[in-house]
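Student: sequence and predicted structure below; questions after.
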Amino acid sequence: MSAGGGPVPPPPNPAGSFPSPRVTLPAGPDILRTYSGAFVCLEIVFGGLVWILVASSNVPLPLLQGWVMFVSVTAFVCSLLFLGVFLSGVVTQINANWSFLDFAYHFTVFVFYFGAFLLEAAATSLHDLHCNTTVAVQPLLSDNQYNINVAATIFAFVTTACYGCSLGLALRRWRP
């Protein structure tokens, strides 16, 4: 009984007072059966290859390739988290406009990855640039570094294309 003598009303039901999350992609393992889930998996695989290839070239041009490393590692981790949130089903627990977050994430990563692809291509194109050292004039990139950077450039392009496809799918879900 309350101080006024009447019964105490029950507390409000929090499930009724909060709107449900807006999710247009399936949660759980079913996300892997969609085009969006497949593209996120490809982004993770190809993005990891870019990261590994650039790192294995010993980063001969740190100003250019440092940014490529930053973008590829960050996008790799964020894509893993993004996929993990959908696989675990957390998207059904958090009230957010997941269609917009999907679009905003893929737009941002697409822009950054496109820039990283251009920088990696620029670094690769400097193969024949000769640097003056104290002993002799040597090419900026050895043949092995050049070959690795060509592969990294190709995979950076493929990864950028995957993020572009994910961006297009996210835009279709966000603005039907």
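Tutor: Looks like it came in fine. Numbers count the residues shown, from 1 in each chain.

Student: helix, strand or coil for the residue minimising distance to the centre of the chain?
Tutor: By Cα atoms, centre = their mean, the chain has its centre lying nearest to Ala75, at 3.4 Å. When classified by DSSP: H, G, I helix; E, B strand; the rest coil, Ala75 comes out as helix.

Student: tell me the contacts of it?
Tutor: By Cβ atoms under 8 Å, 6 or more residues apart in numbering, the contact set of Ala75 is 43, 47, 109, 112-113, 159, 163. Every residue, glycine included, has its C-beta placed from N, CA and C.

Student: same deal with Trp174?
Tutor: 99-100, 102-103.

Student: same thing with Val85?
Tutor: Neighbouring residues of Val85 by Cβ under 8 Å, 6+ apart: Val91.

Student: i'd like the first residue to be 52 from this point on
Tutor: All set: I'll call the first residue 52, so the last point we hit is now Val136.

Student: okay, and it sits in which element?
Tutor: helix 113-139 (DSSP states H and E).

Student: in that helix, what's buried?
Tutor: Residues 115-116, 118-120, 122-127, 129-130, 133-134, 136-138 are the ones in helix 113-139 that count as buried (16 or more other Cβ atoms under 10 Å).

Student: now do the next helix-or-strand element following that helix: distance to the chain's middle.
Tutor: Later in the chain than helix 113-139, the nearest helix or strand by DSSP H and E is helix 149-176. Relative to its chain's centre, helix 149-176 lies at 8 Å (Cα atoms, centre = their mean, to the nearest Å).

Student: packing partners for helix 149-176?
Tutor: Packing partners of helix 149-176 (3 or more Cβ pairs under 8 Å, 6 or more residues apart in numbering; DSSP states H and E): helix 86-107, helix 113-139, helix 194-225.

Student: go again using 6 Å as the cut-off
Tutor: Helix 149-176 is packed against helix 113-139, helix 194-225, with contacts defined by 3 or more Cβ pairs under 6 Å, 6 or more residues apart in numbering; DSSP states H and E.

Student: compute the inter-axis angle for it and helix 194-225.
Tutor: Angle, helix 149-176 to helix 194-225, by axes from the mean of the first three to the mean of the last three Cα atoms, to 10 degrees: 160 degrees.

Student: for the record, mean pLDDT for helix 149-176?
Tutor: In this model, helix 149-176 carries a mean pLDDT of 94.
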